[in-house]
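> coords below, sequence missing:
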């Protein structure tokens with residue numbers, strides 16, 4: 001659109017140069033009017049009358065100088081005002097750069113600056129406590145960002161209220177707060193850590209709901225090789241990770257943790273590299289009929305052949321894979337290999353495979369399992385899918401859907417490690433399992449304690465009433481096998497019948513199982 005002449009004039013006058021030119025013209029116009037008043041309009045006679053003295057006629061240069069002086073004073077005032085505004089803006093920006101915008105607590109930069117100064121000037125020891133909110137991701141999933149912000153605001157207030165004068169505190173991460181206190185007494189640091197954890201445990205108000213959260217604290221102290229703020233924070237973070245892994249309220253940093261962190265980092269790297277290679281492979285342990293000692297199924301057990309560390313058992317790398325978010329890839333690879341192996345076994349030998357609770361909670365889990373069975377040629381009725389009791393507690397509805405889909409396709413469902421979790425009789429009745437596996441700890445105590453025998457008889461009686469077959473894990477002696485059979489157990493698994501072997505040894509295991517018995 002074409003602009004009008006008025007708009008063009010207004011735009012031109014709005015420029016800094018136009019404003020300066022306008023000021024000059026106004027000042028000089030005032031001075032010119034004053035000069036004309038004095039010289040030509042009777043102003044000189046008026047001055048004579050007021051002052052009572054003779055006054056010479058001023059020259060034009062006098063008024064010209066006055067105009068320059070007024071203009072200069074005006075510009076000096078403007079520059080001072082602009083300089084003051086700029087300094088105030090710089091101070092505000094510097095303050096904002098040192099503050100967390102949400103909680104208004106000092107941020108990591110301010111914490112590093114303050115603690116760094118304290119380290120230089122203090123002769124006594126100091127302790128840095130790093131507090132992390134537990135399961136912050138779940139809080140975000142339930143309440144969203146606004147709910148998390150509200151929780152963080154309340155946690156920040158509680159930390160500020162419990163800090164002593166002279167303490168340095170800050171929010172240094174999404175779910176992490178740091179507190180630096182004077183003194184290297186472990187008991188004092190321990191008390192402060194417990195106070196902080198207890199404060200965070202108090203329910204936070206999110207909207208109209210109250211939600212309980214937890215926290216863990218990592219503690220690093222000066223005088224143990226931590227010469228810089230960054231090193232103190234790093235060590236406190238290592239201690240915090242350790243506290244979370246062992247589910248404790250607080251943990252002091254120990255140099256041994258560094259070696260563990262480095263080993264874990266290398267393990268993570270190697271595990272990621274092992275996906276898609278033959279380093280991850282399934283081994284197979286026999287499950288036998290206790291009456292005939294005939295192998296009826298082979299359970300797939302994960303093994304990882306690390307080129308540096310050698311054979312690594314699943315208790316080490318499966319939890320790591322779950323924590324790294326790559327369990328689906330690891331389990332998918334192992335399951336695909338196991339199904340291809342099992343497709344070549346005799347028709348009366350089943351494959352038993354253990355899936356994690358998080359996999360059963362995935363809506364696409366059952367379809368993915370059936371797809372693998374289809375592509376590998378293993379009939380669904382030859383697969384026994386094991387599920388632990390933890391899956392029933394984690395997401396019952398998702399687990400119910402997955403079990404129903406798999407059972408409708410012919411897959412048999414086994415509840416593993418029964419007696420160690422929190423499942424109820426309702427779960428056994430409602431979900432319609434096909435088999436129940438008694439945890440090995442009951443078998444280990446079967447021939448030594450009467451209480452274990454009572455539990456086993458109860459579990460076997462319950463299973464028979466629900467038309468479930470029963471397998472006992474961890475059978476290592478003939479005495480245990482005979483006792484399990486006497487109590488009504490159908491199948492057994494353990495070193496007595498064979499260790500887990502690679503797929504190449506399965507034909508020999510099926511043909512002559514006695515040669516591979518431990």
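Structure's in. What do you need? Quick caveat: nothing in here was measured; it's all calculated off a predicted structure.

> helix/strand/coil for the residue nearest in space to the middle of the chain?
Taking C-alpha atoms, centre = their mean, the centroid of the chain lies closest to residue 137, which sits 6.0 Å from it. Three-state assignment for residue 137 (DSSP: H, G, I helix; E, B strand; the rest coil): helix.

> So it versus residue 159, what's the distance?
21 Å (C-beta to C-beta, to the nearest Å). Any C-beta I mention is one placed from the backbone N, CA and C, and that applies to glycine too.

> Hmm, residue 194 is touching residue 249, no?
Yes - using C-beta atoms under 8 Å, residue 194 is in contact with residue 249, at 6.4 Å.

> Between the two, point out the one with more neighbours.
More crowded of residue 194 and residue 249, by other C-beta atoms under 10 Å: residue 249, with 16 against 13.

> and the residue nearest to residue 376 when sequence neighbours are not counted, what does it touch?
Excluding the flanking residues, the one nearest residue 376 by C-beta to C-beta, 6 or more residues apart in numbering is residue 339, at 3.9 Å. For residue 339, the contacting residues are 351, 372-373, 376, 378, 383, by C-beta atoms under 8 Å, 6 or more residues apart in numbering.

> Give me the neighbour count for residue 149.
The number of residues packed near residue 149 is 14, by other C-beta under 10 Å.

> What of residue 177?
Here the number of neighbours of residue 177 (other C-beta under 10 Å) works out to 28.

> Quickly list what it is bridged to.
Beta bridges link residue 177 to residue 131, residue 171 when assigned by DSSP bridges.

> Model confidence for it, exactly?
At residue 177, the model reports a pLDDT of 93.

> which ones are touching it?
105, 130-131, 155-156, 159, 169-171.

> Make a PyMOL selection of whichever of the residues you listed turn out to be buried.
Buried residues within those, by 16 or more other C-beta atoms under 10 Å, are selected in PyMOL with:
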select buried, resi 105+130+131+155+156+159+169+170+171
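
> Show me where the stretch 401-518 of the chain has its helices.
For the stretch 401-518 of the chain, helices defined by DSSP state H, counting those that start in this stretch occupy the ranges 425-431, 440-444, 450-465, 478-486, 506-511.

> now the stretch 201-350 of the chain
Taking DSSP H, counting those that start in this stretch as the criterion, the stretch 201-350 of the chain carries its helices at 229-245, 255-274, 314-324, 327-342.

> what element comes up after the last one heading to the C-terminus?
Following helix 327-342 in sequence order, the next helix or strand is strand 350-354 (DSSP states H and E).

> got the contact list for residue 487?
446, 453, 456-457, 460.

> May I see the contacts of residue 339 organised as CSV, with neighbour count and distance to residue 239 added?
Below are those laid out as CSV (neighbours: other C-beta atoms under 10 Å; distance: C-beta to C-beta, whole Å):
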residue, neighbour count, distance to residue 239
351, 23, 43
372, 17, 42
373, 25, 46
376, 16, 46
378, 21, 47
383, 26, 44
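
> Can you flag which of these belong to strands?
351, 383 (DSSP state E).

> Quick check: of the contacts of residue 339, which lies closest to residue 328?
The shortest approach to residue 328 among the contacts of residue 339 belongs to residue 372, at 12.2 Å (C-beta to C-beta).

> Flag every buried residue along the longest strand anywhere in the chain.
Counting residues, the longest strand found in the chain (DSSP E) is strand 295-306. Judged by neighbour count (16+ other C-beta under 10 Å), strand 295-306 contains these buried residues: 295-304, 306.

> which helices and strands sit right next to that strand?
With contacts taken as 3 or more C-beta pairs under 8 Å, 6 or more residues apart in numbering; DSSP states H and E, strand 295-306 sits against helix 255-274, strand 280-289, strand 310-312, helix 314-324, helix 327-342, strand 350-354, strand 491-493, helix 506-511.

> Can you pull out the residues in contact with the first one?
Translated: helix 255-274. 224-225, 238-239, 241-242, 280, 304, 306-309, 316-317, 320-321, 324, 326, 330.

> repeat that with 7 Å
238-239, 242, 280, 304, 306, 317, 320-321, 324, 326 (C-beta atoms under 7 Å, 6 or more residues apart in numbering).

> Just the buried residues of those.
The neighbour-count criterion (16+ other C-beta under 10 Å) marks 238-239, 242, 280, 304, 306, 317, 320-321, 326 among the contacts of helix 255-274 as buried.

> where in the stretch 151-300 of the chain is pLDDT low?
Scanning the stretch 151-300 of the chain for pLDDT under 70 picks out 223-227.

> rerun that using 80 as the cut-off
Residue ranges of the stretch 151-300 of the chain with pLDDT under 80: 183-184, 223-227, 258-264.

> so who does the residue lying closest to residue 369 once chain neighbours are set aside touch?
Leaving aside its chain neighbours, residue 369 sits nearest to residue 406 (6.5 Å; criterion: C-beta to C-beta, 6+ apart). Remark: with contacts taken as C-beta under 7 Å, 6+ apart, residue 406 is in contact with 366, 369, 385, 413.

> so how far is residue 433 from residue 406?
11 Å.

> Can you lay out the contacts of residue 487 as TSV showing distance to residue 275 and pLDDT?
What follows is the contacts of residue 487, written out as TSV (distance: C-beta to C-beta, whole Å; pLDDT from 0 to 100):
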residue	distance to residue 275	pLDDT
446	40	78
453	44	84
456	40	86
457	44	87
460	40	88
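
> Got a ChimeraX select line for the buried ones in those residues?
Only the buried members of the contacts of residue 487 end up in this ChimeraX selection, burial being decided by 16+ other C-beta under 10 Å:
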select :446,453,456,460
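
> rewinding a little: looking at the buried ones among the contacts of helix 255-274, which two lie furthest apart in space?
Greatest spacing in the buried ones among the contacts of helix 255-274, by C-beta to C-beta: 239 and 280 (32.0 Å).

> Show me where the stretch 301-450 of the chain dips below the pLDDT cut-off.
Scanning the stretch 301-450 of the chain residue by residue, the ranges that satisfy pLDDT under 80 are 308-309, 358, 361, 388-396, 417-432, 446-450.

> hmm, back to that, list just the nearest of the contacts of residue 487 to residue 78.
Relative to residue 78, the closest of these is residue 456; by C-beta to C-beta it sits at 93.1 Å.

> and the closest residue in space to residue 151 that isn't next to it in sequence, how many residues sit next to it?
Leaving aside its chain neighbours, residue 151 sits nearest to residue 204 (4.6 Å; criterion: C-beta to C-beta, 6+ apart). The tally of other residues near residue 204 (other C-beta under 10 Å) stands at 22.

> Check the gap between residue 204 and residue 316 for me.
Applying C-beta to C-beta, the value for residue 204 to residue 316 is 36 Å.
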